[in-house]
Each structure stands twice: as C-alpha cells, then as structure tokens.
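Undergrad: here is the input, now give the coordinates:
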Amino acid sequence: MSTKALKKELLVAVVMLLVAAVALSGSTYAWFAMNNTVSATGMNVTTQTGDNLLIAKDTLSNTAKLADNLFKTALVDNVSGLLEPVSAVDGKTFYYNATTNTDSVGDAIADTYLAYDPTGLAAATDTATYANAFSENYGVNKTTAAEGAVGYVDYVFQLKAINGSDDTQYVDIDTLKLTYGNTTQAQQAFRVAIFVDDMGVDGATPATNGVGTLLTVLRTSTAKYFSETLATPEAPKAVVSTTALGEFTSGILGGATRIGSVAAHTNHYFKVVVRLWLEGEDTTCNNTTFATLNDAWALDLTAKLETANSSVTALSQTQATAKVDMYGATAANADTIKVDDLTFYPVTGKQVDSKQVYTTVAGDVTAATKYYVFDTNNKPFEVTNQTTYVTP
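TA: You can find the predicted model right below:
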C-alpha cells in the first residue's frame, strides 16, 4: 500500500473515531443544566379552597390531625428556597451531578451521579460559610445554614372536607399553575410531585412522618426529559446511566390529581405535600432560561370538593402582566376585608390584573410587604410575584 493511500485510510479512521466519540458523549450521558448559575428563589405558593373545604398549614413531621380551630377557608402562606437542579421521577429519590463532571454544553463528562440527601444540608462542612456539599457544588456560600441551596421545597397542609350531601363527593386539585412576573421565558423545567395521606373520617389515622403516598408528578405539557424521543414521549428517565444507579424506567406523569373521596354526611381529613424542584434532565433547564429567574415565579393551586372529576393532568403556566411598582404606596384602614383571623387593607391606587391590591398590614408598604387580590368567592390570592419595589 502506498504512503498516500495509507495516510488516507488513517485519516478516515481518525474521522470515524471522532464521530463515534462525539456520538457517545452526546447520547450516553445526560444532564443539561448542571452549573452554578441555574437556580430559582422566592417561590410563593398559595392555595384556595372551594365550598365545604377547609385548609390548615402543616409540617412534614406532623402525623396527627390538626385542631379544628386551625382550619380556615384559605391558606395565606408562602415558601421559598434557593433551588438548584436535581433529578427524580418519583419525587422522593433525587440525584445531582458534580459541576466538575459537567462539560461546556451541560452534559455529564463521566457516568457518575451523586445522591441528594436533604437531611445533611444543615451539617456544614465549612463552618465559616455554613456551606454543605450540595451548596458547595453550586458555589453557594451563605452566612447561615438556612440560606444554602436546596434540591426541592415542600408546601404542606391538611384539608378538612365537609360533605353534607346525600352523595359521595371527591376532593380534587383542579388548578395547578406556575405564574411569572413579567417574563416571556418558558419555565418547563419545573416538576411538581403531590403526596397524600388519607387521615380518615375523624382524622384519627396518623399521617406519614414525611411524605405520604405519591399521587402524581406533574410537568408542563411541552416539557421533555433528555431521554425522550418521538417514539417514547413519556419516558420519565431522570438519570440515564450505565452504572449501578441505573435508569428510571417508570414514573407517574400527568396523572389525575384526585386527593380522595368523602362519604355522604361525613367529614374527612387529608394531609397533602406539594413538592417542587428544577428537573436537571429537562432539556430547557439551562443558563439561558434561569440566569435571570429570581423571585418572579409562584405556584398557585385550587382544591375543591365536588361530585365530578375536574382534576388537572398537567402543570399549566401563565405569564403575569407587567409588574406593578409599589414604592411609596400606603395601605388604607378603610374598606378592609376580613378572612378568618386576618384583616386585609386596600393599597391605595394599586391594581394587579384589574383587581384591587390588598396587604395584611396597614400603613406604608416596604420592600418586604406581601400583596393579595380577591377572587369572585372573596378569597385571597397572593400576587407578590407580580409586584416590584423600585426606589427612585
């Protein structure tokens, strides 16, 4: 064989080897968003309930029925956390990838993933900055352990259903949506898992210490995992791996959000955990989407007691109107609205989506003030994420 022919064959072999290497790196390993600038903070979560359904704030560790005087017609509360990408399909077992094991386009370099352990977050490995391993992986070094990064946030409550009818009724979550303040970016990487404990007709059945039975994992209808193809559009693989971690080959996606049934002429109690995270294997979980996503988002849900099933099957998303600047505003003492044990004061001259804005403290507002509007059933709905406080 001539030298020229040999060089040509060697060149072809090198090209084929490079093509194979590129194909292997692009198809064997996943993880699109593992870097220290993909994060989200400041989630507001609000829940509204329909007729004959009451709600009370709860904790993961509580297993008993809450006192009846704690159940109200609306839960005015919020949770927040510095979310960094993790990966799961069951809402319970989470993985993440080391930033040192991520290439320039966001793929894992080696087939290695780390188990996310939320119980170890408070144990600082660096006492000067209270950083734990998960926070350090994302370059998050805060002054207290509570300010560190987290893989998910939980919103926990109990529901009391009062069925005075002659027929069986059902408790459904029939609205579950993400809203954003003045942003056009699609936030498809969010995942929401819902867990339920049925505490019985008198609330005597203890709930799970932690999360109960997985009801569903919801995502937006257009969201996709790394491993999904047109042939397998519902492949819920959180970690594509050839090592001992293996693949998630099954999961619950888009399932109905029926919490449970309530027999005629009885009361029934349920404990519900709503868990939200950023899915690192989602194809949209990247710097472009999340670099500017701070406190502009909120999770809103509605629970109802009804005879027909109207539960959601996917997480919806809406874009809020342009943010309303609250600087210099004052909450008046007149025309207040009383809900349970809370008084809401109208903020003079301020509206969100053509609705009067209220707050729970009278007087001048501050950058930390939270805001609400009322729906047609006269129940409060938090809209803090649709406001801003810009000092001239």
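Undergrad: find the residue closest to Ala88 in space, skipping its chain neighbours.
TA: Leaving aside its sequence neighbours, Ala88 sits nearest to Phe94 (CB to CB, 6 or more residues apart in numbering; 4.5 Å). C-betas here are computed from N, CA, C, even on glycine.
Undergrad: shouldn't that neighbour be in contact with Gly151?
TA: Yes. The pair Phe94 / Gly151 is scored as a contact, 5.2 Å apart, by CB atoms under 8 Å.
Undergrad: which parts of the stretch 51-200 of the chain are helices?
TA: Assigned by DSSP state H, counting those that start in this stretch, the helices in the stretch 51-200 of the chain fall at 133-137.
Undergrad: could you do the stretch 251-392 of the chain as well?
TA: 287-290.
Undergrad: and the closest residue to Gly203 other than its chain neighbours, how many neighbours?
TA: Leaving aside its sequence neighbours, Gly203 sits nearest to Lys65 (CB to CB, 6+ apart; 3.0 Å). Neighbour count for Lys65, taken as other CB atoms under 10 Å: 22.
Undergrad: who are the neighbours in contact with Lys65?
TA: Neighbouring residues of Lys65 by CB atoms under 8 Å, 6 or more residues apart in numbering: 158, 199, 202-204, 269.
Undergrad: sorry, back to before: the residue nearest to Ala88 and Tyr345: what is the separation?
TA: As for Phe94, its distance to Tyr345 is 41 Å (criterion: CB to CB, to the nearest Å).
Undergrad: same check on Ala88?
TA: According to CB to CB, Ala88 stands 42 Å off from Tyr345.
Undergrad: those two: who's more crowded?
TA: Taking other CB under 10 Å, Ala88 and Tyr345 do not tie; Ala88 has more neighbours (26 against 21).
Undergrad: phi and psi next, for the more buried one.
TA: phi -170, psi 160 (degrees, to the nearest 10).
Undergrad: count of residues packed around the nearest residue to Lys304 once chain neighbours are set aside?
TA: Distance criterion CB to CB, 6+ apart; nearest residue to Lys304, sequence neighbours excluded, is Gly50 at 3.7 Å. For Gly50, the tally of surrounding residues (other CB under 10 Å) stands at 17.
Undergrad: which residues does Gly50 contact?
TA: Residues in contact with Gly50 (CB under 8 Å, 6+ apart) are 302-306, 377.
Undergrad: distance of Ala256 relative to Pro118?
TA: Distance from Ala256 to Pro118, counting by CB to CB: 28 Å.
Undergrad: what distance separates the opening and closing residues of stretch 354-373?
TA: One end of stretch 354-373 sits 10 Å from the other (CA to CA, to the nearest Å).
Undergrad: touching that stretch from outside, list them.
TA: With CB under 8 Å, 6+ apart as the test, stretch 354-373 has contacts from 44, 76, 78, 324, 326, 328-333, 337, 342-347, 350-353, 374, 380-384, 386-387, 389.
Undergrad: which of those residues count as buried?
TA: Buried members of the contacts of stretch 354-373, scored by 16 or more other CB atoms under 10 Å, are 44, 76, 78, 324, 326, 329-331, 337, 344-347, 350, 352, 374, 380-384, 386-387.
Undergrad: thinking again about what came up before, Throw together a PyMOL command that grabs the buried residues out of the contacts of Lys65.
TA: Typed into PyMOL, the line below selects the buried ones among those, using 16+ other CB under 10 Å:
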select buried, resi 158+199+203+269
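Undergrad: cross the contacts of Lys65 against strands and list the overlap.
TA: Using DSSP state E, the members of the contacts of Lys65 that fall within strands are 158, 269.
Undergrad: what's the closest of the contacts of Lys65 to Leu214?
TA: Taking CB to CB as the measure, Met199 is the one of these closest to Leu214, at 16.9 Å.
Undergrad: mind listing what Val390 touches?
TA: Counted by CB under 8 Å, 6+ apart, Val390 has contacts 325, 327.
Undergrad: ramachandran angles for it?
TA: Dihedral angles of Val390 (phi, psi; degrees, to the nearest 10) stand at phi -100, psi 110.
Undergrad: with Lys323 as the reference, measure out to it.
TA: 9 Å.
Undergrad: how about Asn378?
TA: If you measure Asn378 against Lys323 using CB to CB, the figure is 25 Å.
Undergrad: those two: who's more crowded?
TA: More crowded of Asn378 and Lys323, by other CB under 10 Å: Lys323, with 18 against 10.
Undergrad: tally of neighbours for the closest residue to that one other than its chain neighbours?
TA: Nearest non-adjacent residue to Lys323, counting by CB to CB, 6+ apart: Thr388, 4.3 Å away. By the criterion of other CB under 10 Å, Thr388 has 17 neighbours.
Undergrad: who's Thr388 bridged to?
TA: Beta-bridge partners of Thr388, counted by DSSP bridges, are Asp325.
Undergrad: quick one: contacts for it?
TA: Under the criterion of CB under 8 Å, 6+ apart, the neighbours of Thr388 are 181, 323-326.
Undergrad: the nearest residue to Val373 once chain neighbours are set aside pairs with what?
TA: The spatial neighbour of Val373 that comes closest, neighbours along the chain excluded (CB to CB, 6+ apart), is Lys355 at 4.0 Å. Legend: beta-bridge partners of Lys355 under DSSP bridges are Val352.
Undergrad: where in the stretch 101-250 of the chain is pLDDT low?
TA: Scanning the stretch 101-250 of the chain for pLDDT under 70 picks out the ranges 105, 119-131, 141-147, 181-187, 227-250.
Undergrad: where do the strands sit along it?
TA: 114-115, 149-150, 153-163, 169-180, 190-198, 213-218 (DSSP state E, counting those that start in this stretch).
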